[in-house]
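> Sequence first, predicted coordinates after that:
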Amino acid sequence: FSCEEKMMWKRIQCFAKLNGYHIYLWERQSSLSLPISLSRKYSVKTSCDVDTLTVLGNSYNTDKITNVTPKILEKMGKNLHCKHNHPLNLITRRIENYFNNNYRNNWRAPMFSKFDRISPVVTLTQNFDSLLVPSDHPSRALSESYYLNSEYMLRAHTSAHQSDLIKQGLDAFLVLGDVYRRDTVDASHYPVFHQMEGVRLFSKQELFSHLGDTSRVTFFENGSRDATKQERHTIETSLCLEENLKNTLRNLANNLFGDDVEMQWVDAYFPFTHPSWELEIKYQGEWLEVLGCGIVEQEILSSAGADSRVGWAFGLGLERLAMRLYSIPDIRLFWSEDSRFLDQFNVEDPNTKITYKPFSKQSPVINDVSFWVPDDFSENDFYDIVRNIGGDIVENVELFDNFVHPKTKRKSKAYRITYRHMERSLTKREANEIHSGIVAAGVQQLGIQER
Ligand code: PHE
């Protein structure tokens, strides 16, 4: 650094300290620009203040829609699904084994190619447009996903890679990876989780191979769309694909959970498949949704140069499956580096039966907060503040009162926040400090007013 730069650096540090800012070191752009960005201590919009962000070694210019937070960036590149002895890796290996053992090509090689290291930074085109997500679809809202800028985001689902891999000529593949969504805070929701995508395409011969003579069935038609099929598909094509898809996933669920697991198909809607379903499995007396799936929209295949084929796709949530399989009660545990957690999954054979044993039962501290909210208040902004400040100490945030003042029409919300450390005890004082930090940040960042 030149003398001038050093002085400026000192001034900025001083300013930051006085104003409660944290300094993040991002990258050195040129010898003249200082390698810093300032972000408010309790900000959800920390990264908006920076010109460039470095994410997994690449830099991105920030703009008015940047909303990714330092807490989220911290989680990137961990690749939990590839970490030996991690429950997500064990379940991944079981699912891969299921596909490799049951699906082979003509040369007896595994039919499904596996991709588990594709970067989670994708373009909005990959995440939405390539999947026919309409421009006004709610999933595009800034309150739903993490954006680096107007061009790049953190993938919200592994479906973002479907089109590219089909373009590469693949007919059957699995994509595994971390996905990012702004969401509620409770035992089964975390802003980063892991998905496995599966896609299989068929030629006419392959789809109808069980019929022997395929000359009497029609593959495509110019018909109409209804609840059971797309316009380009004949009813035979659609039903055959549905059966193949549901058998594949039913057998997978039996393979993971045993033959007596209870499951049900629920009709669903996704812009990129039709018809679409969700698979739910029974867990502790309740139905738990574990995957979404359907018949791939033919338009996606034709844009990707595979219009002579038809296909199905599914996307499953790995944490959900692992929680059910190993009786893991809280999604935050997947991020634990505590050996009392990890050692329980230290096995060679992924088929080993494991039931998670809680290693510490800490008591929670529960604090309520109620406040008036501005008209443009978004719950997910509040949840991001809670996660930024409380981190994994926050177990649950519950909206327990929603009220509109009869005269002034002002809106008020009351949240109950449960704090619990998973590995050690948490003092009331510690929790209260975090709680006040959250409220202060809400006031500063979102314009809420404590009641
Ligand atoms: N991408 C969907 C989700 O994340 C799941 C899905 C994948 C649905 C493939 C249909 C086909 O919810």
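Yep, it's here.

> From now on I want contacts and neighbour counts done on CA atoms only, so please keep to that.
Fine.

> tell me the phi and psi of the residue in the stretch 151-300 of the chain positioned nearest to the ligand?
Per C-alpha to the nearest ligand atom, residue 293 is where the stretch 151-300 of the chain lies closest to the ligand, at 3.5 Å. Phi and psi for residue 293, reported as degrees, to the nearest 10, are phi -160, psi 170.

> count of residues packed around it?
29 (other C-alpha atoms under 10 Å).

> if I read this right, it contacts residue 280, doesn't it?
No. Contact criterion C-alpha atoms under 8 Å: residue 293 and residue 280 do not qualify, at 11.6 Å.

> OK, contacts around the residue of the stretch 151-300 of the chain closest to the ligand?
273, 276-278, 312-315 (C-alpha atoms under 8 Å, 6 or more residues apart in numbering).

> so residue 381 sits in a helix?
Yes. Applying DSSP: H, G, I helix; E, B strand; the rest coil, one finds residue 381 inside a helix.

> So for it, what's the pLDDT?
What the model reports as pLDDT for residue 381 is 94.

> Get me the contact residues on the protein for the ligand.
157, 159, 273, 292-294, 313-315 (C-alpha under 6 Å from any ligand atom).

> Of these, grab the buried ones for PyMOL.
Restricted to buried positions by 16 or more other C-alpha atoms under 10 Å, the PyMOL selection for the residues of the chain next to the ligand reads:
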select buried, resi 157+159+273+292+293+294+313+314+315
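
> quick one: secondary structure of residue 153?
Assigned with three-state DSSP, residue 153 falls in the strand class.

> pretty sure it is touching residue 142, no?
No. Under the criterion of C-alpha under 8 Å, residue 153 makes no contact with residue 142, lying 10.5 Å away.

> Between those two, tell me which one has more neighbours.
When neighbours are counted by other C-alpha under 10 Å, residue 153 and residue 142 differ, and residue 153 comes out ahead with 23 against 16.

> Count the residues that sit near the closest residue to that one other than its chain neighbours.
Take residue 153 and drop its neighbours on the chain: the residue closest to it by C-alpha to C-alpha, 6 or more residues apart in numbering is residue 147, 4.1 Å away. Residue 147: 26 surrounding residues under other C-alpha under 10 Å.

> Contact partners for residue 147?
Residue 147 neighbours (C-alpha under 8 Å, 6+ apart): 65-68, 153-154.

> Same list (these) but as TSV, adding distance to residue 419 and pLDDT.
What follows is those, written out as TSV (distance: C-alpha to C-alpha, whole Å; pLDDT from 0 to 100):
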residue	distance to residue 419	pLDDT
65	31	96
66	29	96
67	25	95
68	24	95
153	30	98
154	28	98
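
> With distance to residue 398 added, can I get those in a markdown table?
Below are those laid out as a markdown table (distance: C-alpha to C-alpha, whole Å):
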| residue | distance to residue 398 |
| --- | --- |
| 65 | 27 |
| 66 | 27 |
| 67 | 23 |
| 68 | 23 |
| 153 | 28 |
| 154 | 26 |
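
> Pick the one among the contacts of residue 293 closest to residue 73.
residue 315 (23.6 Å; C-alpha to C-alpha).

> before we move on, what SS does the closest one have?
Residue 315, by the three-state scheme (three-state DSSP), is strand.

> Please look at it and residue 196 and confirm they touch.
Yes. Using C-alpha under 8 Å, residue 315 is in contact with residue 196, at 5.6 Å.

> so what sits against both of those two?
Common neighbours of residue 315 and residue 196, using C-alpha under 8 Å, 6+ apart, are residue 158.

> Per-residue pLDDT of the residue nearest to the residue of the stretch 151-300 of the chain closest to the ligand when sequence neighbours are not counted, please?
Closest residue in space to residue 293, ignoring its immediate chain neighbours: residue 314 at 4.0 Å, by C-alpha to C-alpha, 6+ apart. With respect to pLDDT, residue 314 scores 98.

> What distance do you get for residue 314 to residue 197?
Using C-alpha to C-alpha, to the nearest Å, we find residue 314 at a distance of 6 Å from residue 197.

> Same question for residue 399.
In terms of C-alpha to C-alpha, residue 399 sits 33 Å off from residue 197.

> more neighbours, these two?
Each of residue 399 and residue 197 has its neighbours counted (other C-alpha under 10 Å); residue 197 has more, 25 against 15.

> what's near enough to touch the nearest residue to that one once chain neighbours are set aside?
Using C-alpha to C-alpha, 6+ apart and skipping the chain neighbours, the partner closest in space to residue 197 is residue 315 (4.3 Å). Residue 315 makes contacts with 157-159, 195-198, 291-293, as judged by C-alpha under 8 Å, 6+ apart.

> now do 6 Å
The contact partners of residue 315, by C-alpha atoms under 6 Å, 6 or more residues apart in numbering, come to 196-197, 291-292.

> go on, residue 187?
330-331.

> Tell me the pLDDT of it.
89.

> could we number from 713 for the rest of this?
I'll keep to 713 as the first residue from here, and by that count the last item is residue 899.

> and stretch 876-883, C-alpha only, in CSV?
Presented in CSV, the C-alpha positions along stretch 876-883 are these (Å, rounded to 0.1, in the frame of the first residue of the first chain):
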residue,chain,number,x,y,z
ASP,A,876,-27.6,-27.5,-20.4
LEU,A,877,-27.1,-31.2,-19.8
ILE,A,878,-29.7,-32.2,-22.3
LYS,A,879,-28.0,-29.8,-24.8
GLN,A,880,-24.8,-31.7,-24.2
GLY,A,881,-26.5,-34.8,-25.4
LEU,A,882,-27.1,-36.6,-22.2
ASP,A,883,-30.2,-38.9,-22.0
